[in-house]
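Chemist: Predicted model and sequence below, questions to follow.
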Amino acid sequence: MSKKPVVKIGLIGFGVVGEGVWKHIQQNRSALERRLGARLQLVKVAVQDMKKKRKVQIPPDQLTTDPMSIANNPDIDIVCELMGGTTLAKKITLAALHNGKIVVTANKALICKHGAQLFKTARAGGGHYFYEASVAGGIPIIKVVREGLVANRFNLIYGILNGTCNYILTRMERENLTFDKTLIAARELGYVEADESLDLDGWDTAHKAVILSYLAHGKWVSIKDVPVEGIVNITLEDIQWANKLGFKIKLLGIISQNNEGKSIFVRVHPTLIRKDKIMANVDGVYNAVSVNGDIVGSGIHIGRGAGQDATASAVIGDVADAVNILLRTPQPMGLEDTNELYTPVGSNIELSSLEDVSSQYYLRLSVTDKPGVLAEISTVMANHDVSIASMIQPEESSNQKTTLILTTHQSNEKRIQDTVRDLEELKNVHQKPFLLRIVNFD
Ligand code: NDP
Ligand code: HSE
(Lines give C-alpha, C1' and ligand atoms only; values in the text may rest on other atoms or scores of the structure.)
(Ligands and ions follow the chains in the order given, each with its own letter.)
Protein backbone atom coordinates (compact mmCIF):
# COMPACT_ATOMS: atom_id res chain seq x y z
CA MET A 1 0.00 0.00 0.00
CA SER A 2 1.49 3.39 -0.97
CA LYS A 3 2.10 5.91 1.79
CA LYS A 4 -0.07 9.02 1.58
CA PRO A 5 1.65 12.42 1.42
CA VAL A 6 1.20 14.55 4.55
CA VAL A 7 -0.24 18.07 4.24
CA LYS A 8 0.53 20.34 7.17
CA ILE A 9 -1.98 22.86 8.43
CA GLY A 10 -1.70 25.83 10.79
CA LEU A 11 -4.82 27.37 12.28
CA ILE A 12 -4.83 31.02 13.29
CA GLY A 13 -7.81 31.36 15.59
CA PHE A 14 -9.46 28.59 17.53
CA GLY A 15 -12.82 30.14 18.36
CA VAL A 16 -16.24 29.22 16.95
CA VAL A 17 -14.92 28.55 13.44
CA GLY A 18 -11.40 27.30 14.24
CA GLU A 19 -12.61 24.74 16.74
CA GLY A 20 -15.29 23.63 14.29
CA VAL A 21 -12.77 23.12 11.50
CA TRP A 22 -10.54 20.97 13.64
CA LYS A 23 -13.43 19.04 15.22
CA HIS A 24 -14.90 18.13 11.83
CA ILE A 25 -11.56 17.21 10.28
CA GLN A 26 -11.06 14.83 13.18
CA GLN A 27 -14.56 13.41 12.92
CA ASN A 28 -14.47 12.79 9.16
CA ARG A 29 -10.74 12.25 8.89
CA SER A 30 -10.63 8.81 7.34
CA ALA A 31 -13.21 9.53 4.61
CA LEU A 32 -11.67 12.95 3.92
CA GLU A 33 -8.13 11.61 3.69
CA ARG A 34 -9.26 8.79 1.41
CA ARG A 35 -10.95 11.29 -0.91
CA LEU A 36 -7.96 13.62 -0.91
CA GLY A 37 -5.26 10.97 -1.09
CA ALA A 38 -3.34 12.79 1.64
CA ARG A 39 -3.02 12.86 5.39
CA LEU A 40 -3.92 16.11 7.16
CA GLN A 41 -1.71 17.10 10.05
CA LEU A 42 -2.47 19.98 12.40
CA VAL A 43 0.90 21.47 13.21
CA LYS A 44 0.14 24.63 15.18
CA VAL A 45 -2.81 26.67 16.43
CA ALA A 46 -2.58 30.35 17.32
CA VAL A 47 -4.84 31.76 20.02
CA GLN A 48 -4.87 34.87 22.13
CA ASP A 49 -5.35 33.32 25.55
CA MET A 50 -3.44 30.11 26.29
CA LYS A 51 -5.38 29.55 29.51
CA LYS A 52 -8.86 29.70 28.02
CA LYS A 53 -10.97 26.55 28.54
CA ARG A 54 -11.70 25.06 25.13
CA LYS A 55 -14.36 22.60 24.07
CA VAL A 56 -11.94 21.01 21.58
CA GLN A 57 -8.68 19.95 23.23
CA ILE A 58 -5.28 20.52 21.60
CA PRO A 59 -1.95 19.41 23.11
CA PRO A 60 -0.47 22.52 24.80
CA ASP A 61 2.78 22.31 22.80
CA GLN A 62 0.76 22.86 19.61
CA LEU A 63 -0.64 26.17 20.86
CA THR A 64 1.06 29.51 20.32
CA THR A 65 0.13 33.12 20.91
CA ASP A 66 2.29 34.21 17.97
CA PRO A 67 0.20 33.93 14.79
CA MET A 68 3.03 35.30 12.65
CA SER A 69 5.13 32.25 13.56
CA ILE A 70 2.55 30.13 11.72
CA ALA A 71 2.63 32.35 8.62
CA ASN A 72 6.43 32.07 8.59
CA ASN A 73 6.71 28.39 9.52
CA PRO A 74 8.38 26.62 6.56
CA ASP A 75 6.86 23.37 7.72
CA ILE A 76 3.27 24.54 7.20
CA ASP A 77 1.56 24.22 3.80
CA ILE A 78 -1.90 25.65 4.50
CA VAL A 79 -2.67 28.54 6.83
CA CYS A 80 -6.29 28.97 7.92
CA GLU A 81 -6.88 32.55 9.09
CA LEU A 82 -9.89 32.22 11.38
CA MET A 83 -9.25 34.97 13.85
CA GLY A 84 -11.03 37.94 12.25
CA GLY A 85 -10.16 41.65 12.21
CA THR A 86 -8.46 43.59 9.45
CA THR A 87 -5.11 44.75 10.85
CA LEU A 88 -3.14 41.84 12.26
CA ALA A 89 -5.07 39.43 10.04
CA LYS A 90 -3.91 41.40 7.00
CA LYS A 91 -0.26 41.32 8.06
CA ILE A 92 -0.37 37.61 8.73
CA THR A 93 -2.17 36.84 5.48
CA LEU A 94 0.28 38.91 3.44
CA ALA A 95 3.23 37.20 5.13
CA ALA A 96 1.81 33.73 4.48
CA LEU A 97 1.06 34.59 0.83
CA HIS A 98 4.53 36.10 0.34
CA ASN A 99 5.87 32.82 1.67
CA GLY A 100 3.96 31.04 -1.11
CA LYS A 101 1.53 29.37 1.26
CA ILE A 102 -2.09 28.63 0.59
CA VAL A 103 -4.30 30.73 2.84
CA VAL A 104 -7.87 29.79 3.62
CA THR A 105 -10.05 32.42 5.29
CA ALA A 106 -13.54 33.11 6.58
CA ASN A 107 -12.73 36.79 7.05
CA LYS A 108 -15.11 38.76 4.85
CA ALA A 109 -14.27 42.11 6.47
CA LEU A 110 -10.62 41.65 5.50
CA ILE A 111 -11.37 40.64 1.91
CA CYS A 112 -13.78 43.52 1.46
CA LYS A 113 -11.23 46.03 2.70
CA HIS A 114 -8.00 44.62 1.26
CA GLY A 115 -9.09 42.00 -1.29
CA ALA A 116 -7.39 43.70 -4.24
CA GLN A 117 -4.01 43.72 -2.48
CA LEU A 118 -4.37 40.23 -1.03
CA PHE A 119 -5.38 38.66 -4.34
CA LYS A 120 -2.53 40.43 -6.12
CA THR A 121 -0.06 39.19 -3.50
CA ALA A 122 -1.41 35.65 -3.82
CA ARG A 123 -0.83 35.72 -7.58
CA ALA A 124 2.60 37.32 -7.36
CA GLY A 125 3.92 35.02 -4.62
CA GLY A 126 2.63 31.83 -6.22
CA GLY A 127 0.31 31.33 -3.27
CA HIS A 128 -3.42 30.89 -3.30
CA TYR A 129 -6.16 32.58 -1.32
CA PHE A 130 -9.42 30.71 -0.71
CA TYR A 131 -12.45 32.34 0.88
CA GLU A 132 -15.55 30.19 0.43
CA ALA A 133 -16.54 30.61 4.10
CA SER A 134 -16.55 34.38 3.78
CA VAL A 135 -19.96 34.55 2.05
CA ALA A 136 -23.16 32.75 3.03
CA GLY A 137 -21.60 30.23 5.42
CA GLY A 138 -22.21 26.68 4.24
CA ILE A 139 -23.55 27.59 0.76
CA PRO A 140 -20.70 27.13 -1.74
CA ILE A 141 -21.72 30.34 -3.49
CA ILE A 142 -18.18 31.45 -4.34
CA LYS A 143 -17.68 28.28 -6.36
CA VAL A 144 -21.12 28.66 -7.93
CA VAL A 145 -20.44 32.19 -9.21
CA ARG A 146 -16.74 31.72 -10.01
CA GLU A 147 -16.86 28.27 -11.54
CA GLY A 148 -20.30 26.73 -12.09
CA LEU A 149 -21.83 29.83 -13.68
CA VAL A 150 -18.68 31.21 -15.30
CA ALA A 151 -20.39 31.30 -18.70
CA ASN A 152 -22.82 33.96 -17.50
CA ARG A 153 -23.04 37.68 -17.07
CA PHE A 154 -24.89 38.53 -13.90
CA ASN A 155 -27.81 40.97 -14.16
CA LEU A 156 -28.83 40.60 -10.55
CA ILE A 157 -27.49 38.87 -7.48
CA TYR A 158 -29.29 39.40 -4.24
CA GLY A 159 -29.83 37.58 -1.03
CA ILE A 160 -30.04 37.08 2.66
CA LEU A 161 -26.35 37.11 3.53
CA ASN A 162 -26.38 37.50 7.30
CA GLY A 163 -27.51 34.62 9.48
CA THR A 164 -27.70 36.67 12.66
CA CYS A 165 -30.11 39.24 11.22
CA ASN A 166 -32.27 36.62 9.55
CA TYR A 167 -32.40 34.64 12.78
CA ILE A 168 -33.44 37.75 14.73
CA LEU A 169 -36.10 38.86 12.23
CA THR A 170 -37.51 35.33 12.02
CA ARG A 171 -37.86 34.88 15.76
CA MET A 172 -39.34 38.36 16.18
CA GLU A 173 -41.91 37.53 13.52
CA ARG A 174 -42.75 34.00 14.65
CA GLU A 175 -42.64 34.42 18.40
CA ASN A 176 -43.32 38.14 18.88
CA LEU A 177 -40.00 38.31 20.71
CA THR A 178 -38.06 41.50 21.24
CA PHE A 179 -34.92 42.26 19.29
CA ASP A 180 -32.75 42.01 22.44
CA LYS A 181 -33.97 38.52 23.43
CA THR A 182 -33.29 37.06 20.02
CA LEU A 183 -29.86 38.70 19.90
CA ILE A 184 -28.87 36.90 23.11
CA ALA A 185 -29.88 33.56 21.56
CA ALA A 186 -27.94 34.33 18.36
CA ARG A 187 -24.83 35.05 20.43
CA GLU A 188 -25.13 31.75 22.25
CA LEU A 189 -25.37 29.93 18.93
CA GLY A 190 -22.06 31.44 17.77
CA TYR A 191 -23.60 33.41 14.88
CA VAL A 192 -22.72 36.94 15.95
CA GLU A 193 -19.48 38.74 15.08
CA ALA A 194 -17.17 39.85 17.88
CA ASP A 195 -18.17 43.39 16.84
CA GLU A 196 -21.96 43.00 16.82
CA SER A 197 -22.52 46.18 14.87
CA LEU A 198 -21.08 44.39 11.83
CA ASP A 199 -24.12 42.14 11.81
CA LEU A 200 -26.85 44.41 13.12
CA ASP A 201 -25.98 47.57 11.19
CA GLY A 202 -25.67 45.70 7.90
CA TRP A 203 -21.88 45.94 7.42
CA ASP A 204 -21.33 42.19 7.37
CA THR A 205 -23.94 41.86 4.63
CA ALA A 206 -22.19 44.69 2.78
CA HIS A 207 -18.80 42.95 3.05
CA LYS A 208 -20.30 39.82 1.52
CA ALA A 209 -22.11 41.78 -1.20
CA VAL A 210 -18.84 43.51 -2.14
CA ILE A 211 -17.12 40.12 -2.47
CA LEU A 212 -19.94 38.76 -4.64
CA SER A 213 -19.89 41.91 -6.71
CA TYR A 214 -16.16 41.44 -7.35
CA LEU A 215 -16.69 37.83 -8.37
CA ALA A 216 -19.59 38.68 -10.64
CA HIS A 217 -18.29 41.88 -12.22
CA GLY A 218 -14.54 41.98 -11.56
CA LYS A 219 -14.87 45.30 -9.76
CA TRP A 220 -13.90 46.03 -6.17
CA VAL A 221 -16.60 48.39 -4.95
CA SER A 222 -15.51 50.52 -2.02
CA ILE A 223 -17.67 50.01 1.05
CA LYS A 224 -18.01 53.81 1.13
CA ASP A 225 -20.03 53.60 -2.07
CA VAL A 226 -22.47 51.06 -0.66
CA PRO A 227 -25.61 52.45 1.02
CA VAL A 228 -25.94 50.28 4.12
CA GLU A 229 -28.86 49.99 6.52
CA GLY A 230 -29.20 47.31 9.17
CA ILE A 231 -32.10 45.98 11.18
CA VAL A 232 -31.79 47.88 14.46
CA ASN A 233 -34.67 50.27 13.69
CA ILE A 234 -37.12 47.54 12.70
CA THR A 235 -39.83 47.18 15.29
CA LEU A 236 -42.19 44.33 15.98
CA GLU A 237 -44.84 46.75 14.72
CA ASP A 238 -43.16 46.98 11.29
CA ILE A 239 -42.99 43.21 11.06
CA GLN A 240 -46.69 42.98 11.92
CA TRP A 241 -47.70 45.73 9.46
CA ALA A 242 -45.66 44.09 6.74
CA ASN A 243 -47.38 40.79 7.51
CA LYS A 244 -50.82 42.43 7.18
CA LEU A 245 -49.79 43.86 3.82
CA GLY A 246 -48.68 40.40 2.61
CA PHE A 247 -44.92 40.79 3.09
CA LYS A 248 -42.04 39.57 5.23
CA ILE A 249 -39.05 41.73 6.09
CA LYS A 250 -35.60 40.44 5.17
CA LEU A 251 -32.21 42.14 5.21
CA LEU A 252 -30.90 41.89 1.65
CA GLY A 253 -27.61 42.55 -0.05
CA ILE A 254 -28.35 43.50 -3.66
CA ILE A 255 -25.91 43.74 -6.58
CA SER A 256 -27.74 45.00 -9.63
CA GLN A 257 -26.56 45.76 -13.11
CA ASN A 258 -27.94 48.93 -14.65
CA ASN A 259 -27.68 50.86 -17.90
CA GLU A 260 -27.52 47.70 -20.00
CA GLY A 261 -24.63 46.30 -18.03
CA LYS A 262 -22.49 49.45 -18.09
CA SER A 263 -22.87 50.08 -14.38
CA ILE A 264 -23.58 48.25 -11.18
CA PHE A 265 -24.97 49.21 -7.81
CA VAL A 266 -24.40 47.46 -4.49
CA ARG A 267 -26.73 48.17 -1.58
CA VAL A 268 -27.85 46.68 1.71
CA HIS A 269 -31.16 47.33 3.40
CA PRO A 270 -34.11 45.64 5.05
CA THR A 271 -36.64 44.82 2.38
CA LEU A 272 -40.31 43.87 2.16
CA ILE A 273 -40.71 40.70 0.09
CA ARG A 274 -44.07 39.16 -0.88
CA LYS A 275 -44.78 36.16 1.31
CA ASP A 276 -45.23 33.83 -1.66
CA LYS A 277 -41.61 34.34 -2.83
CA ILE A 278 -39.02 31.68 -1.95
CA MET A 279 -36.69 34.31 -0.49
CA ALA A 280 -39.37 35.43 1.97
CA ASN A 281 -39.55 31.91 3.35
CA VAL A 282 -35.86 31.47 4.03
CA ASP A 283 -35.90 31.74 7.78
CA GLY A 284 -33.73 31.44 10.87
CA VAL A 285 -29.98 31.26 10.38
CA TYR A 286 -30.45 30.23 6.74
CA ASN A 287 -29.04 32.39 3.97
CA ALA A 288 -30.23 32.47 0.38
CA VAL A 289 -28.52 33.87 -2.67
CA SER A 290 -30.45 34.43 -5.86
CA VAL A 291 -28.20 34.55 -8.90
CA ASN A 292 -29.55 35.66 -12.23
CA GLY A 293 -27.24 34.81 -15.11
CA ASP A 294 -27.96 35.81 -18.69
CA ILE A 295 -27.57 32.22 -19.88
CA VAL A 296 -28.72 30.10 -16.97
CA GLY A 297 -31.59 32.31 -15.74
CA SER A 298 -32.44 32.59 -12.05
CA GLY A 299 -31.51 30.16 -9.34
CA ILE A 300 -31.68 30.38 -5.57
CA HIS A 301 -29.04 28.77 -3.37
CA ILE A 302 -30.11 28.14 0.21
CA GLY A 303 -28.20 26.90 3.24
CA ARG A 304 -27.08 27.70 6.75
CA GLY A 305 -25.34 31.04 6.73
CA ALA A 306 -23.53 31.14 10.06
CA GLY A 307 -22.42 29.04 12.97
CA GLN A 308 -19.70 26.56 13.66
CA ASP A 309 -20.72 23.63 11.50
CA ALA A 310 -21.80 25.43 8.32
CA THR A 311 -18.71 27.62 8.36
CA ALA A 312 -16.36 24.76 9.13
CA SER A 313 -17.82 22.85 6.19
CA ALA A 314 -16.92 25.72 3.86
CA VAL A 315 -13.41 26.12 5.31
CA ILE A 316 -12.70 22.39 5.00
CA GLY A 317 -13.93 22.53 1.39
CA ASP A 318 -11.24 25.13 0.74
CA VAL A 319 -8.64 23.07 2.60
CA ALA A 320 -9.51 20.20 0.24
CA ASP A 321 -8.97 22.48 -2.80
CA ALA A 322 -5.66 23.53 -1.29
CA VAL A 323 -4.62 19.89 -0.85
CA ASN A 324 -5.51 19.24 -4.49
CA ILE A 325 -3.25 22.09 -5.54
CA LEU A 326 -0.42 20.84 -3.36
CA LEU A 327 -0.75 17.38 -4.82
CA ARG A 328 -1.05 18.86 -8.32
CA THR A 329 -4.25 17.00 -9.14
CA PRO A 330 -6.52 18.54 -11.81
CA GLN A 331 -8.00 21.74 -10.50
CA PRO A 332 -11.13 23.73 -10.91
CA MET A 333 -10.36 27.20 -12.18
CA GLY A 334 -8.10 29.06 -9.78
CA LEU A 335 -7.84 32.65 -8.73
CA GLU A 336 -5.41 33.71 -11.48
CA ASP A 337 -7.67 32.55 -14.28
CA THR A 338 -10.69 34.15 -12.71
CA ASN A 339 -9.07 37.52 -12.67
CA GLU A 340 -7.79 37.32 -16.20
CA LEU A 341 -11.28 36.50 -17.33
CA TYR A 342 -13.05 39.18 -15.38
CA THR A 343 -10.62 42.09 -15.43
CA PRO A 344 -11.76 43.52 -18.78
CA VAL A 345 -15.32 43.58 -17.50
CA GLY A 346 -14.43 45.12 -14.16
CA SER A 347 -12.24 47.87 -15.49
CA ASN A 348 -15.02 49.19 -17.74
CA ILE A 349 -17.90 48.98 -15.35
CA GLU A 350 -19.12 52.03 -13.41
CA LEU A 351 -21.18 52.57 -10.30
CA SER A 352 -24.81 53.51 -10.88
CA SER A 353 -26.37 56.64 -9.42
CA LEU A 354 -29.33 56.71 -7.04
CA GLU A 355 -31.73 57.58 -9.89
CA ASP A 356 -30.95 54.21 -11.46
CA VAL A 357 -32.09 52.28 -8.41
CA SER A 358 -35.84 51.82 -8.34
CA SER A 359 -38.22 50.08 -5.99
CA GLN A 360 -41.56 50.27 -4.25
CA TYR A 361 -41.37 51.60 -0.71
CA TYR A 362 -42.95 51.14 2.71
CA LEU A 363 -43.17 54.20 4.96
CA ARG A 364 -44.10 54.26 8.64
CA LEU A 365 -45.01 57.73 9.87
CA SER A 366 -45.95 59.04 13.26
CA VAL A 367 -48.39 61.89 12.54
CA THR A 368 -50.88 64.20 14.20
CA ASP A 369 -54.36 62.70 14.05
CA LYS A 370 -56.38 65.62 12.64
CA PRO A 371 -58.01 66.68 9.36
CA GLY A 372 -55.72 67.83 6.58
CA VAL A 373 -52.60 65.88 7.61
CA LEU A 374 -53.10 63.22 5.02
CA ALA A 375 -53.45 65.91 2.37
CA GLU A 376 -50.14 67.51 3.48
CA ILE A 377 -48.39 64.17 3.22
CA SER A 378 -49.81 63.25 -0.14
CA THR A 379 -48.89 66.70 -1.48
CA VAL A 380 -45.25 66.19 -0.50
CA MET A 381 -45.27 62.80 -2.13
CA ALA A 382 -46.89 64.11 -5.28
CA ASN A 383 -44.33 66.93 -5.43
CA HIS A 384 -41.64 64.29 -5.76
CA ASP A 385 -43.69 62.22 -8.17
CA VAL A 386 -44.05 59.41 -5.65
CA SER A 387 -47.38 57.66 -6.00
CA ILE A 388 -49.16 56.04 -3.04
CA ALA A 389 -50.13 52.39 -3.55
CA SER A 390 -51.80 51.68 -0.20
CA MET A 391 -52.40 53.27 3.16
CA ILE A 392 -53.31 51.91 6.60
CA GLN A 393 -54.20 53.98 9.62
CA PRO A 394 -55.09 52.06 12.77
CA GLU A 395 -58.21 53.41 14.50
CA GLU A 396 -56.53 53.87 17.87
CA SER A 397 -54.49 57.01 18.48
CA SER A 398 -52.85 58.42 21.58
CA ASN A 399 -52.14 62.07 22.45
CA GLN A 400 -53.64 62.94 19.08
CA LYS A 401 -50.86 61.03 17.36
CA THR A 402 -51.31 58.05 15.11
CA THR A 403 -49.27 55.75 12.93
CA LEU A 404 -49.63 55.83 9.18
CA ILE A 405 -48.38 52.97 7.02
CA LEU A 406 -47.96 53.82 3.36
CA THR A 407 -46.69 51.81 0.45
CA THR A 408 -45.76 53.42 -2.84
CA HIS A 409 -45.79 52.41 -6.46
CA GLN A 410 -42.44 52.06 -8.21
CA SER A 411 -40.23 55.07 -7.57
CA ASN A 412 -36.51 55.63 -7.27
CA GLU A 413 -34.04 56.20 -4.43
CA LYS A 414 -33.48 59.87 -5.20
CA ARG A 415 -37.20 60.71 -5.23
CA ILE A 416 -37.98 58.75 -2.10
CA GLN A 417 -35.03 60.19 -0.17
CA ASP A 418 -36.17 63.71 -1.13
CA THR A 419 -39.70 62.79 -0.04
CA VAL A 420 -38.55 61.52 3.35
CA ARG A 421 -36.50 64.66 3.90
CA ASP A 422 -39.50 66.93 3.15
CA LEU A 423 -41.93 64.81 5.19
CA GLU A 424 -39.63 65.03 8.18
CA GLU A 425 -39.91 68.80 8.03
CA LEU A 426 -43.71 68.82 8.30
CA LYS A 427 -44.95 70.02 11.69
CA ASN A 428 -47.46 67.18 11.84
CA VAL A 429 -44.88 64.45 11.22
CA HIS A 430 -43.29 63.61 14.55
CA GLN A 431 -40.22 61.54 13.78
CA LYS A 432 -38.06 60.80 10.82
CA PRO A 433 -40.26 58.61 8.59
CA PHE A 434 -39.12 55.00 8.66
CA LEU A 435 -38.46 53.71 5.17
CA LEU A 436 -38.17 50.16 3.88
CA ARG A 437 -37.82 48.94 0.32
CA ILE A 438 -40.25 46.49 -1.26
CA VAL A 439 -38.64 44.31 -3.89
CA ASN A 440 -40.38 42.26 -6.50
CA PHE A 441 -37.51 40.32 -8.02
CA ASP A 442 -38.35 37.13 -9.92
P1 NDP B 1 -14.09 33.90 17.63
O2 NDP B 1 -14.06 35.21 18.31
O3 NDP B 1 -14.94 32.81 18.16
O4 NDP B 1 -12.60 33.33 17.53
C5 NDP B 1 -11.49 34.13 17.23
C6 NDP B 1 -10.24 33.33 17.51
O7 NDP B 1 -9.10 34.09 17.14
C8 NDP B 1 -10.06 32.96 19.00
O9 NDP B 1 -9.56 31.64 19.11
C10 NDP B 1 -9.02 33.97 19.49
O11 NDP B 1 -8.20 33.46 20.53
C12 NDP B 1 -8.17 34.12 18.23
N13 NDP B 1 -7.46 35.39 18.20
C14 NDP B 1 -7.98 36.63 18.22
N15 NDP B 1 -6.99 37.55 18.20
C16 NDP B 1 -5.84 36.87 18.18
C17 NDP B 1 -4.47 37.25 18.19
N18 NDP B 1 -4.10 38.53 18.20
N19 NDP B 1 -3.53 36.29 18.18
C20 NDP B 1 -3.89 34.98 18.19
N21 NDP B 1 -5.16 34.55 18.17
C22 NDP B 1 -6.13 35.49 18.18
O23 NDP B 1 -14.47 34.21 16.11
P24 NDP B 1 -15.19 33.26 15.05
O25 NDP B 1 -14.57 31.93 15.08
O26 NDP B 1 -16.67 33.38 15.17
O27 NDP B 1 -14.84 34.03 13.69
C28 NDP B 1 -13.56 33.93 13.11
C29 NDP B 1 -13.62 34.50 11.69
O30 NDP B 1 -14.58 33.77 10.93
C31 NDP B 1 -14.04 35.97 11.62
O32 NDP B 1 -13.38 36.57 10.54
C33 NDP B 1 -15.54 35.87 11.32
O34 NDP B 1 -16.03 37.02 10.67
C35 NDP B 1 -15.56 34.68 10.40
N36 NDP B 1 -16.83 33.97 10.30
C37 NDP B 1 -17.50 33.58 11.44
C38 NDP B 1 -18.67 32.87 11.33
C39 NDP B 1 -19.45 32.43 12.50
O40 NDP B 1 -20.57 31.93 12.31
N41 NDP B 1 -18.96 32.57 13.72
C42 NDP B 1 -19.21 32.50 10.00
C43 NDP B 1 -18.41 32.94 8.88
C44 NDP B 1 -17.27 33.65 9.05
P45 NDP B 1 -8.81 33.03 21.96
O46 NDP B 1 -9.61 31.79 21.67
O47 NDP B 1 -7.65 32.78 22.81
O48 NDP B 1 -9.67 34.18 22.38
N1 HSE C 1 -22.03 36.92 11.74
C2 HSE C 1 -22.17 36.32 10.46
C3 HSE C 1 -23.65 36.06 10.20
C4 HSE C 1 -21.41 35.04 10.41
O5 HSE C 1 -24.44 36.12 11.14
O6 HSE C 1 -24.01 35.81 9.06
C7 HSE C 1 -21.42 34.37 9.06
O8 HSE C 1 -20.71 35.11 8.14
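Modeler: Thanks, I have the structure now. Ligands and ions are numbered 1, 2, ... in the order given.

Chemist: Okay, the spatially closest residue to residue 285 that is not a sequence neighbour and residue 141: tell me how far apart.
Modeler: Nearest residue to residue 285, sequence neighbours excluded (C-beta to C-beta, 6 or more residues apart in numbering): residue 163, at 4.1 Å. (Glycine included, C-beta is placed from N, CA and C.) Separation of residue 163 from residue 141 (C-beta to C-beta, to the nearest Å): 13 Å.

Chemist: follow-up on the earlier one: give me the neighbour count for the residue nearest to residue 285.
Modeler: Around residue 163 there are 28 other residues, counting by other C-beta atoms under 10 Å.

Chemist: Equivalent analysis for the one 10 residues further on, please.
Modeler: Residue 173 sits with 17 neighbouring residues when counted by other C-beta under 10 Å.

Chemist: before we move on, what about the one 4 residues further on?
Modeler: Neighbouring residues of residue 177 were enumerated by other C-beta under 10 Å; the total is 16.

Chemist: Quick check: it vs ligand 2, distance?
Modeler: Noted for residue 177: a distance of 17 Å to ligand 2, by C-beta to the nearest ligand atom, to the nearest Å.

Chemist: I'd assumed residue 167 was in contact with that residue.
Modeler: No. Using C-beta atoms under 8 Å, residue 177 makes no contact with residue 167, being 11.0 Å away.

Chemist: So what does whatever residue of the chain ends up closest to ligand 1 have for phi and psi?
Modeler: Using C-beta to the nearest ligand atom, the closest approach of the chain to ligand 1 is made by residue 15 at 1.9 Å. Main-chain torsions, residue 15, degrees, to the nearest 10: phi -100, psi -140.

Chemist: ditto for residue 168
Modeler: Torsion angles, degrees, to the nearest 10, at residue 168: phi -60, psi -50.

Chemist: Tell me the residues of the stretch 51-200 of the chain that contact ligand 2?
Modeler: 137, 162, 163, 164, 191, 192, 193, 199 (C-beta under 6 Å from any ligand atom).

Chemist: Skipping adjacent residues, who's closest to residue 241 in space?
Modeler: Nearest residue to residue 241 in three dimensions, chain neighbours excluded: residue 405, at 4.9 Å (C-beta to C-beta, 6+ apart).

Chemist: In contact with the one you found, which residues are there?
Modeler: Counting by C-beta atoms under 8 Å, 6 or more residues apart in numbering, residue 405 touches 241, 245, 362, 363, 364, 365, 391, 392, 393.

Chemist: burial measure for the fifth one, as a count.
Modeler: Residue crowding around residue 364 was assessed by other C-beta under 10 Å; the count is 21.

Chemist: The third one too?
Modeler: The number of residues packed around residue 362, counting by other C-beta under 10 Å, is 25.

Chemist: Repeat that for the second one.
Modeler: Here the number of neighbours of residue 245 (other C-beta under 10 Å) works out to 17.

Chemist: mind checking the SS state of the residue of the stretch 201-350 of the chain found nearest ligand 2?
Modeler: Ligand 2 sits closest to residue 306 of the stretch 201-350 of the chain, with a gap of 3.6 Å, by C-beta to the nearest ligand atom. In the three-state summary, residue 306 is assigned as coil, counting by DSSP: H, G, I helix; E, B strand; the rest coil.

Chemist: what separates it from residue 186, distance-wise?
Modeler: 8 Å.

Chemist: Who has more neighbours out of these two?
Modeler: residue 306 (29 against 24).

Chemist: pretty sure the more buried one is in contact with residue 135, am I right?
Modeler: No. With contacts counted by C-beta under 8 Å, residue 306 stays clear of residue 135, the gap being 11.3 Å.

Chemist: how's the chain carved up into domains?
Modeler: 6-137+309-342, 141-303, 354-438 (automatic domain parsing).

Chemist: Where does the stretch 1-150 of the chain get nearest to ligand 2, which residue?
Modeler: residue 137 (5.2 Å).

Chemist: hang on, the earlier thing: got a list of what the closest residue in space to the residue of the stretch 201-350 of the chain closest to ligand 2 that isn't next to it in sequence touches?
Modeler: Leaving aside its sequence neighbours, residue 306 sits nearest to residue 163 (C-beta to C-beta, 6+ apart; 3.0 Å). When contacts are counted by C-beta under 8 Å, 6+ apart, residue 163 is found next to 137, 186, 191, 285, 286, 287, 304, 305, 306, 307.

Chemist: For residue 163, give its distance to residue 200.
Modeler: Relative to residue 200, and taking C-beta to C-beta, residue 163 is found at 12 Å.

Chemist: thought residue 198 was touching residue 205?
Modeler: No. Here residue 198 does not reach residue 205: they are 9.1 Å apart, not a contact under C-beta under 8 Å.

Chemist: For residue 186, give me its contacts.
Modeler: Going by C-beta under 8 Å, 6+ apart, residue 186 touches 163, 164, 167, 168, 192.

Chemist: Wait, a strand at the last one?
Modeler: No. Under three-state DSSP, residue 192 sits outside any strand and is assigned coil.

Chemist: List the contacts of it.
Modeler: Counting by C-beta under 8 Å, 6+ apart, residue 192 has contacts 164, 183, 186, 199.

Chemist: okay if I get these as CSV plus secondary structure?
Modeler: What follows is the contacts of residue 192, written out as CSV (three-state DSSP):
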residue, secondary structure
164, helix
183, helix
186, helix
199, helix
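
Chemist: Most widely separated two among these?
Modeler: Greatest spatial distance in those: 183 and 199, 9.0 Å, computed using C-beta to C-beta.

Chemist: Hmm, residue 356 is touching residue 265, no?
Modeler: Yes. The pair residue 356 / residue 265 is scored as a contact, 6.4 Å apart, by C-beta under 8 Å.
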